[in-house]
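1. any chance you can model this:
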Amino acid sequence: MLCILFEFPVGRYHATPWGHHVNEGLVEWPPSPWRIVRALLAVGYTKLGWKEVPREMQALVGTLSESLPTYRLPAATLGHTRHYMPIKGWKRGVQKTSLVIDAFVRPHGALGVLWPAVTSPDDRDLLGRLADRLGYLGRAESRVRARVVSPEELVGGWDVSTQRQAPDDEPVRLLAPVPSTEYATWRSEVSGAPENLLAALQIETTTLQKEGWSGPPGSREVVYWRPADAVSPRTPGPAVTAGGAMSAADTALFALATDRKRDVLPLMERALPTMGLFRRALLSKLGEEPCPELSGKDEQGLRLQDEHRHAHFLPLSLDGRNRGRVDHVLLHAPMGFGRTAQHALRRLRKTWAKGIDDIAVTLVGMGDLASFRTVAGVPLPELGRSATWVSLTPFIPPRFLKPRGKHSLDGQVRAELRHRHLPDLVVAPVVTLPSEGSEAGLQARWFRHFIRSRQNSRAPGPPPGLFRLTLTFERPVEGPLCLGWGCHFGLGLFVQTGEVMTGPNSS
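-> As a prediction, this is how the structure comes out:
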């Protein structure tokens, strides 16, 4: 058996899985057998001075391709950085940029790779010389120290293989080289393929694209089963304990991105349908398991009567250069996220919106609500604490309005507050009329552009009327404050006084 131990001195591992775009925010973890074998070949050329692959390396490649390795994974967290790379041209006096997401895994220990192959002392010696000289794995910034060890030296971590060991294990698709004999049989039926497996392993990506290969010749896609807790997001709050067990979490923050210009993200005016589609994408990760905190329904499929304790999908616009577009989603469920919900949150990778088929979704963090009151050192006005709150998105009464009584605007707002066990108002809600004379009036005009129907939804539409309100409570309350029709999908969202948005083109 051959065993390679990889350590990460910089603390990060960067590698994009085959068939995925870098802006999807995915990381190939564990590293695929195909990537490891190609890295070893590259070391031979760059560090051992090969002009051509020696016979002992050809034999080693044949040995490694005959079997699939197993992995000993350390605990790891998932993170990313966002870079706006300058490109040619200017727009309204600002240089155009292109968003690039740099996703990475931060391993908290060494990674072990075990090949169950029958090897000779010469194979181990050659593999040891190659591993000692390996400087990086994946992208060039993924610095590694590698060495050949005995299996007994691997301690801790999770065993990852092609065999599913637990019901909640998640599939990971990795590329591996096919056995040499299988490749020879396949090549006899395909014209234009490399002459042997060794040549196939050395083809550059540009050549594959030029010749129209959908995947590297000589490779096979293998499904490994990784524990759902093996890669955790970087959590501001205690969503995962040191032992890998789930703990209390009621809030998650997601970042949205596309691989095109950043201004193609959904407009805030489309908050309702955009959050509805985001919820649909998230529910698709549940399978058949009931999850009332995300679906809002019990095990019998009936709507929860839980005083709005299930998930609220809150659209955020955090990038000042991208004002008025939804670039983050804050998901908050006062009842908390159970194990099923947390697994679904970790698996979500993409969503869509009208005219945008592919929006990459990155889980920034998951934990308790208090951990998200500031993001990157900046307070979130949606999660502030104040006695006075103002509409960020339009309030739509849940029932048809009447001039007075419990169905009046004042009566319906106060009923919404009682239903959520919030303090009463000092005065009736103050309505701002649409006008051009003030910032508040401009915001009220902007509210007319908000979409009030969810895409492909059979739910009845809202009663007529939408309002910009100012609410003054008897005592300070903490956000998020979401009231009225559509409050679980971005409508009726309030912020502290002074924090308003009037759309990207209001000035």
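2. so which bits of the top strand by length along the chain are buried?
-> Ranked by residue count and defined by DSSP state E, the top strand of the chain is strand 76-91. Buried positions in strand 76-91, judged by neighbour count with 16 or more other C-beta atoms under 10 Å: 76-80, 82. Heads up, the C-betas are built off the backbone N, CA and C, glycines and all.
3. min pLDDT across these, which one?
-> Minimum pLDDT for these is recorded at residue 82 (77).
4. partner strands of the longest strand of the chain, with direction?
-> Paired neighbours of strand 76-91 in the sheet (DSSP bridges): strand 94-107 (antiparallel), strand 231-233 (parallel).
5. got the residue ranges for the strands in the stretch 401-507 of the chain?
-> 430-432, 468-478, 481-482, 493-496 (DSSP state E, counting those that start in this stretch).
6. what packs against the shortest one?
-> Judged by 3 or more C-beta pairs under 8 Å, 6 or more residues apart in numbering; DSSP states H and E, the packing partners of strand 481-482 are strand 493-496.
7. may I have the strands that pair with the strand it packs on, each with its orientation?
-> Going by DSSP bridges, the partners of strand 493-496 are strand 385-391 (antiparallel), strand 481-482 (antiparallel).
8. out of these, deepest packed?
-> strand 481-482 (a mean of 25; mean count of other C-beta atoms under 10 Å).
9. can you show me the helices along the stretch 251-400 of the chain?
-> Using DSSP state H, counting those that start in this stretch, the helices found in the stretch 251-400 of the chain span residues 271-283, 292-295, 339-347.
10. pLDDT of the second one, averaged?
-> This points to helix 292-295. Helix 292-295 comes out at a mean pLDDT of 90.
11. can I get it in PDB, CA atoms only?
-> The C-alpha atoms that make up helix 292-295 are tabulated as PDB, following Å, rounded to 0.1, in the frame of the first residue of the first chain:
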ATOM      1  CA  PRO A 292     -40.500  22.700   8.500                       C
ATOM      2  CA  GLU A 293     -38.000  25.500   9.300                       C
ATOM      3  CA  LEU A 294     -37.300  25.900   5.600                       C
ATOM      4  CA  SER A 295     -40.500  24.900   3.900                       C
END
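12. next one: the residue nearest to residue 435 when sequence neighbours are not counted from residue 448, what distance?
-> The shortest distance from residue 435 to any non-neighbouring residue, by C-beta to C-beta, 6 or more residues apart in numbering, is to residue 441 (3.3 Å). As judged by C-beta to C-beta, to the nearest Å, residue 441 and residue 448 stand 12 Å apart.
13. overlap in contacts of these two?
-> Listed as contacting both residue 441 and residue 448 by C-beta atoms under 8 Å, 6 or more residues apart in numbering are residue 434.
14. more crowded one of the two?
-> residue 441 (16 against 10; other C-beta atoms under 10 Å).
15. need the contact list for the more buried one.
-> Counting by C-beta under 8 Å, 6+ apart, residue 441 touches 432-435.
16. among the residues you listed, who's most crowded?
-> residue 432 (21 neighbours).
17. show me the beta-bridge partners of it.
-> residue 468.
18. centre-most residue in the protein?
-> Residue closest to the average C-alpha location in the chain (C-alpha atoms, centre = their mean): residue 362, at 2.2 Å.
19. surely that residue touches residue 104?
-> No - using C-beta atoms under 8 Å, residue 362 is not in contact with residue 104; the gap is 11.5 Å.
20. what touches both of those two?
-> With C-beta under 8 Å, 6+ apart as the test, residue 362 and residue 104 both reach residue 80.
21. so residue 405 touches residue 415, yeah?
-> No - taking contacts as C-beta under 8 Å, residue 405 lies outside contact range of residue 415: 11.0 Å.
22. comparing the two, which residue is more hemmed in?
-> residue 415 (16 against 9).
23. okay, now the unreliable bits of the stretch 151-300 of the chain?
-> 233-248, 259-263 (pLDDT under 70).
24. can you do 50?
-> Under the criterion pLDDT under 50, the flagged ranges of the stretch 151-300 of the chain are 235-246, 262.
25. and the strands in it?
-> 158-160, 170-177, 219-226, 231-233, 251-257.
26. can you give me the angle the longest strand of the chain makes with strand 251-257?
-> Calculated by axes from the mean of the first three to the mean of the last three C-alpha atoms, to 10 degrees, strand 76-91 forms an angle of 40 degrees with strand 251-257.
27. who's in contact with strand 76-91?
-> With contact meaning C-beta under 8 Å, 6+ apart, strand 76-91 is reached by 25, 27, 29, 95-108, 230-235, 255, 257, 262, 321, 362-363.
28. of those, buried ones?
-> Buried by 16+ other C-beta under 10 Å: 25, 27, 29, 97, 99, 101-107, 230-233, 235, 255, 257, 262, 362-363, out of the contacts of strand 76-91.
29. the top helix by length along the chain: how far from the chain's middle?
-> The longest helix of the chain (DSSP state H) is helix 33-47. Distance, stretch centre to chain centre, for helix 33-47: 30 Å (C-alpha atoms, centre = their mean, to the nearest Å).
30. run through who's touching that helix.
-> Contacts of helix 33-47 (C-beta under 8 Å, 6+ apart): 4, 15, 18, 28, 50, 53-54, 57, 61, 64-65, 68-69, 113, 127, 130-131, 133-134, 137-138, 174-177, 201-202, 216, 219, 222.
31. average pLDDT for it, rounded please.
-> 95.
32. with only the CA atoms kept, save it in PDB.
-> Output of helix 33-47 as PDB, limited to C-alpha atoms (Å, rounded to 0.1, in the frame of the first residue of the first chain):
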ATOM      1  CA  PRO A  33      -6.600  11.000  -8.100                       C
ATOM      2  CA  TRP A  34      -6.200  12.500 -11.600                       C
ATOM      3  CA  ARG A  35      -4.900  15.800 -10.100                       C
ATOM      4  CA  ILE A  36      -2.400  14.000  -7.800                       C
ATOM      5  CA  VAL A  37      -0.900  11.800 -10.600                       C
ATOM      6  CA  ARG A  38      -0.600  14.800 -12.900                       C
ATOM      7  CA  ALA A  39       1.200  16.800 -10.200                       C
ATOM      8  CA  LEU A  40       3.700  13.900  -9.700                       C
ATOM      9  CA  LEU A  41       4.400  13.900 -13.400                       C
ATOM     10  CA  ALA A  42       5.000  17.600 -13.400                       C
ATOM     11  CA  VAL A  43       7.500  17.300 -10.500                       C
ATOM     12  CA  GLY A  44       9.500  14.800 -12.600                       C
ATOM     13  CA  TYR A  45       9.900  17.300 -15.400                       C
ATOM     14  CA  THR A  46      10.500  20.400 -13.300                       C
ATOM     15  CA  LYS A  47      12.500  19.100 -10.400                       C
END
